[in-house]
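Asks: Task: produce atomic coordinates for the following.
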Amino acid sequence: MGKKFNYEHNLFTKRNQRSLMKQIFPIVPAANGPVWVLGGVSLLLVALVILMAYVAHSSRNTRFEITATGLRIKGNLYGRTIPLQSLQTDQARILNLNQEDRFRFGWRSNGVNVPGFRTGWFRLKTRERALVFVTDQNRVVYIPTRKGYSLMLSVAEPELFMEALKRATQET
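Replies: Predicted coordinates for the structure are as follows:
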């Protein structure tokens, strides 16, 4: 026939199950190492997010100012003022990088290279060092300097920029 029901055994098992379910055993607390590691990683990630936000901002807000003292590049991590005497404006020209292979970018030694925006120090295919601020490869102003590198700038109106730059260097 069927199994015989043992009421006392069943009651004893249910009581033990209930009491076992209420017992809690915590983990042994870890040392401070994991907290410091996670905190450090979190700070690093926050810093990277801030840096990427700044790079995105500078891709749209970098400015090139021509003054009596020099060419000032503002709104970028690699911004600086380059004295007019250092610029070789007689060799400056407007390039279309899609058509001029010798001026294409090679190695990036220190900079940012994301689709649609390059900024920082690059080596050109000719192994020449270049300080680059390029968002549009179709119109880039190329300016050699007397400091051992060239500038490559995406300027909204490259012809007007070149005229202003040559005029400023002639006045000094």
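Asks: pLDDT below threshold where in the protein?
Replies: By pLDDT under 70, the weakly predicted segments of the chain are 1-20.
Asks: the strands in the protein, which residues?
Replies: Taking DSSP state E as the test, the strands found in the chain are 63-66, 70-74, 81-83, 93-95, 105-114, 117-124, 129-134, 140-144, 150-153.
Asks: Out of those, which is closest to residue 29?
Replies: Checking these against residue 29 by C-beta to C-beta gives strand 105-114 as the closest, at 42.7 Å. For every residue, glycine as well, the C-beta is placed using N, CA and C.
Asks: got the buried residues for that closest one?
Replies: 105, 111, 112 (16 or more other C-beta atoms under 10 Å).
Asks: ok now it, how far from the chain's centre?
Replies: Averaging C-alpha positions (C-alpha atoms, centre = their mean, to the nearest Å) puts strand 105-114 11 Å from its chain's average.
Asks: picking up where we left off before, from the buried residues of strand 105-114, which is closest to residue 136?
Replies: residue 105 (13.8 Å).
Asks: Residue 126 is in contact with that closest one, correct?
Replies: No - Residue 105 is beyond contact range of residue 126, at 10.9 Å (criterion: C-beta atoms under 8 Å).
Asks: before we move on, back to that, residue 159 is nearest to which of the strands of the chain?
Replies: That would be, of the strands of the chain and by C-beta to C-beta, strand 93-95, which comes in at 7.1 Å.
Asks: Contacts for the closest one, please.
Replies: 103, 139, 140, 141, 142, 152, 158, 159, 162 (C-beta atoms under 8 Å, 6 or more residues apart in numbering).
Asks: I am finished for the moment; much appreciated.
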